[in-house]
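In: kindly generate the corresponding structure for this input.
(chains A and B)
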2 protein chains.
Amino acid sequence: MSPLRPVYITRMPSVSAIPQRLCLGPGPSPVPPRVLAALAHPTVGHLDPAFLALMDDVRDGLRHVFATTNPMTLAMSGTGSAGMETVIVNLVEPGDRVLVGVNGVFGGRLAEVARRAGATVTTVDAPWGRALDRDALAAAIVRDAPHVVAVVHAETSTGVANEIEGLSDLVHAHDGLFVVDCVTSLAGMPLEIDAWGIDAAYSGTQKCLSCPPGLSPVTLSPRAVARLERRTHKVPSWYLDLTLLKSYWGQERAYHHTAPINMLYALHEALAIVREEGLPARFARHRAAHERLAEALSALGLPFVSQEGHRLPMLNAVAAPAGSDEAALRRRLLDEYGIEIGGGLGDFKGKAWRIGLMGHGATAESVDAVIGALRTLLAV
Amino acid sequence: MSPLRPVYITRMPSVSAIPQRLCLGPGPSPVPPRVLAALAHPTVGHLDPAFLALMDDVRDGLRHVFATTNPMTLAMSGTGSAGMETVIVNLVEPGDRVLVGVNGVFGGRLAEVARRAGATVTTVDAPWGRALDRDALAAAIVRDAPHVVAVVHAETSTGVANEIEGLSDLVHAHDGLFVVDCVTSLAGMPLEIDAWGIDAAYSGTQKCLSCPPGLSPVTLSPRAVARLERRTHKVPSWYLDLTLLKSYWGQERAYHHTAPINMLYALHEALAIVREEGLPARFARHRAAHERLAEALSALGLPFVSQEGHRLPMLNAVAAPAGSDEAALRRRLLDEYGIEIGGGLGDFKGKAWRIGLMGHGATAESVDAVIGALRTLLAV
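Out: Numbering: from 1, shown residues only, chains lettered A, B, ... in the order given. Model (predicted):
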């Protein structure tokens, strides 16, 4: 053994030493036991006929939750941010005009990813906690005729829903593609890819799908695929190149990279659970949990920092208790009650809490657990 | 419910319908039950103190298998190909000269990824099944003084080991960085990142680490990090940008993206198993399984297509039986015996088989199972 080989001393004797938590932060959300069991099914090959059938199921299940018939619908082998990058690097060429609505971290990230792809980026901004102004977006679309218009549906950093329905006609009239980030909204609130004219969307598995993080559902409309096929430059990322990936997810089954087999097992099971519950019931459950939480937070004197009428059901951004060490309170919530909630990001750092009620976590029991613990901790 | 929402009919009633297989292809390798159990441990948050301690363990465990003290050692949130792209897009700037040794699919992929990153790529080629010529590599290094020299250690498409020890001094003398693909070699045969002067390496979890696919261990030497810090252009990929990721894997713990929590649980357990066995014993086990297989294949009349003296222990590329429908034989091996082996890629498509004896699969029992089945199928 080489003396250069560092000795490996573990801090965690084994994974089983990791405590169980109630995940009520901005994601990951609580993963149901059925999904964890699917995750642990023995690994098979990525070209095994049984696995290819499962991939077909996953593709169809994703079409169902996206409400689309798009042939190009798949799960990218990375987290939600990889999905964002996938959509941008496939649809944007150097010099393209990209318009991004920015009212939080993820809008800002979209703009940054588009800049790195060589786009000329313009933003329409709104203050943290407020929804994007549709008139301002519309004016910018008319003014710039962007190649791509990108908006975050559910801004996880602020708990705000941006209204996206009804924007696509204007985008299309100016020959643009309409891109929507639905990382946090998918399977937790109404979203209609086809009916709303969305050309490309991406999500993550660890929010309202209640699957562990690691995959990113992506869908592209035929209009977006036509743009992809007209590219004059190769997609800069080989790993995220949809012109190559469609041969693996399509009938050819051409080897591209080794798919994350077990993660796809888990997503298959998570999609089965969504189907069993039904999307309307699932949306209603998220809404009911949100309303129960909102009422209790109001009684605790913790006001929302997100604009009324634009609040997300699955991600509740509220002011941290005034004059408190908010990080210490969150740490006590975790250590003493086993409950995780999120802190603020960006403009809200140190000022806001983000309470997620996503997927399996969107229940009255979750609400009562976090509210009961907060009531004691805040001695209200 | 929108009439546009496609009905979701499953082909696989549940993941448990996927049969168990003995994975003796080019990866994934068989995953031990302990690793599957770790994978299914309940998901916690990516900033949970318990999870951060586990990440520190994973980083140290990766340093141990890489034989490096490199501070920048981490698991990327993607498969081995994402690791390849990570190393290239972080270390290559537009216009850089990159020299790639190509004697199979993965050398070719390295060249393609470097071209997409804007590099001027030169290759030193060897025929499929033969090792790279070190003199030719050395001559090209002296001639071109490449910014990056990249070689695949264990070429999974041909079963060939390229000799990489002793090349780094020449690369460094010409102010280059030495990049090694060790997707298939890591934890299965000797590899010494520090002692061999390797500046950047990447691997996958689904080969000799016997963990499911989905993560890519990556390590960068201080020399490579210095190059990264001197960049004049931003890293083109936001998702794979190591200047951002080091703040999450480092002391700052700054949020970048949501780590694939459960995959990191599995890698933690896989690394614990490696430590328990010890790397020298693990290398010897891979070697012994290979020798047992080689002897049996010779008795079956199936010659290696990889060059003698350069054969990988964990990936055995042999000629498919002459005059046979090799794909039909592999399908019977899968359907009747539950054993997966790989077909040929590229020049070897339809002509070669690839029998993997990786990680947990590198045993006499695996060899006897596949040989016994082949003996019956070939009626030898």
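
In: quick one, strands of the stretch 201-350 of chain A?
Out: With DSSP state E, counting those that start in this stretch, the ranges of strands along the stretch 201-350 of chain A come out as A:216-220, A:315-319, A:339-340, A:342-343.

In: any idea how far residue A:221 is from the closest residue to chain B within the stretch 251-380 of chain A?
Out: Nearest to chain B, among the residues of the stretch 251-380 of chain A, is residue A:260, at 3.4 Å (CB to the nearest CB). (C-beta placed from N, C-alpha, C; glycine too.) Separation of residue A:260 from residue A:221 (CB to CB, to the nearest Å): 26 Å.

In: what of residue A:107?
Out: For residue A:107, the distance to residue A:221 (CB to CB) stands at 21 Å.

In: the stretch 151-300 of chain A: helices as residue ranges?
Out: A:168-173, A:222-229, A:242-249, A:261-277, A:279-300 (DSSP state H, counting those that start in this stretch).

In: next, the buried residues of the third one.
Out: When you say that, I think you mean helix A:242-249. In terms of neighbour count (16 or more other CB atoms under 10 Å in any protein chain shown), helix A:242-249 has its buried residues at A:242, A:245, A:246, A:248, A:249.

In: and what of the second one?
Out: Within helix A:222-229, the residues that qualify as buried by neighbour count (16+ other CB under 10 Å) are A:223, A:224, A:225, A:227, A:228.

In: list the contacts for the closest residue to the third one other than its chain neighbours?
Out: Computed as CB to CB, 6 or more residues apart in numbering or on different chains, the closest residue to residue A:225 that is not its neighbour in sequence is residue A:72, at 5.5 Å. Under the criterion of CB atoms under 8 Å, 6 or more residues apart in numbering or on different chains, the neighbours of residue A:72 are A:219, A:220, A:224, A:225, A:242, A:246.

In: ok, these vs chain B, which is closest?
Out: residue A:219 (11.6 Å).

In: hey, which helix or strand in chain A has the poorest pLDDT?
Out: Lowest on mean pLDDT, DSSP states H and E among the helices and strands of chain A sits helix A:242-249, with a mean of 92.

In: from the middle of its chain, how far away would it be?
Out: 22 Å (CA atoms, centre = their mean, to the nearest Å).

In: who are the packing partners of it?
Out: strand A:72-76, helix A:80-91, helix A:222-229 (3 or more CB pairs under 8 Å, 6 or more residues apart in numbering or on different chains; DSSP states H and E).

In: check residue A:251 and give its pLDDT.
Out: Here the pLDDT value assigned to residue A:251 is 84.

In: cool, and the one 5 residues further on?
Out: Per-residue confidence (pLDDT) for residue A:256: 92.

In: and the stretch 251-380 of chain A, which residues reach chain B?
Out: Counting by CB under 8 Å from any CB of the partner chain, the stretch 251-380 of chain A comes close to chain B at A:255-263, A:265-266, A:268-269, A:271-272, A:275, A:278-280, A:334, A:340, A:345.

In: show me where the stretch 51-200 of chain A has strands.
Out: Under DSSP E, counting those that start in this stretch, the stretch 51-200 of chain A gives strands at A:72-76, A:97-102, A:120-125, A:148-152, A:154-155, A:160-161, A:177-181, A:200-202.

In: winner for burial among these?
Out: Across those, averaging neighbours per residue (mean count of other CB atoms under 10 Å in any protein chain shown) puts strand A:154-155 on top, at a mean of 31.

In: now do that one: which elements does it pack against?
Out: helix A:105-116, strand A:160-161.

In: care to break chain A down by domain?
Out: A:15-29+A:280-377, A:33-275 (automatic domain parsing).

In: chain center to the first one: distance?
Out: For domain A:15-29+A:280-377, the distance from its own C-alpha centre to the chain's C-alpha centre is 17 Å (CA atoms, centre = their mean).

In: ok, the longest one next?
Out: Averaging C-alpha positions (CA atoms, centre = their mean) puts domain A:33-275 9 Å from its chain's average.

In: gap between the two ends of that domain?
Out: The first residue of domain A:33-275 is 17 Å away from its last residue (CA to CA, to the nearest Å).

In: residue A:260 and residue A:221: which is more packed in?
Out: residue A:260 (30 against 23; other CB atoms under 10 Å in any protein chain shown).

In: got the buried residues for stretch A:360-378?
Out: A:360, A:361, A:362, A:363, A:366, A:367, A:369, A:370, A:371, A:373, A:374, A:377.

In: what's the distance between the spatially closest residue to residue A:221 that is not a sequence neighbour and residue A:96?
Out: Nearest non-adjacent residue to residue A:221, counting by CB to CB, 6+ apart: residue A:199, 4.4 Å away. To residue A:96, residue A:199 is 14 Å away according to CB to CB.

In: as TSV, the domains of chain A with distance to residue B:58 would be great.
Out: Converted to TSV, those look like this (distance: least, CB to CB, whole Å):
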stretch	distance to residue B:58
domain A:15-29+A:280-377	11
domain A:33-275	15
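
In: quick one: contacts for the residue found closest to residue A:174 once you drop the neighbours it is linked to in the chain?
Out: Excluding the flanking residues, the one nearest residue A:174 by CB to CB, 6+ apart is residue A:145, at 4.0 Å. Applying CB under 8 Å, 6+ apart to residue A:145 gives the contacts A:97, A:174, A:175, A:176.
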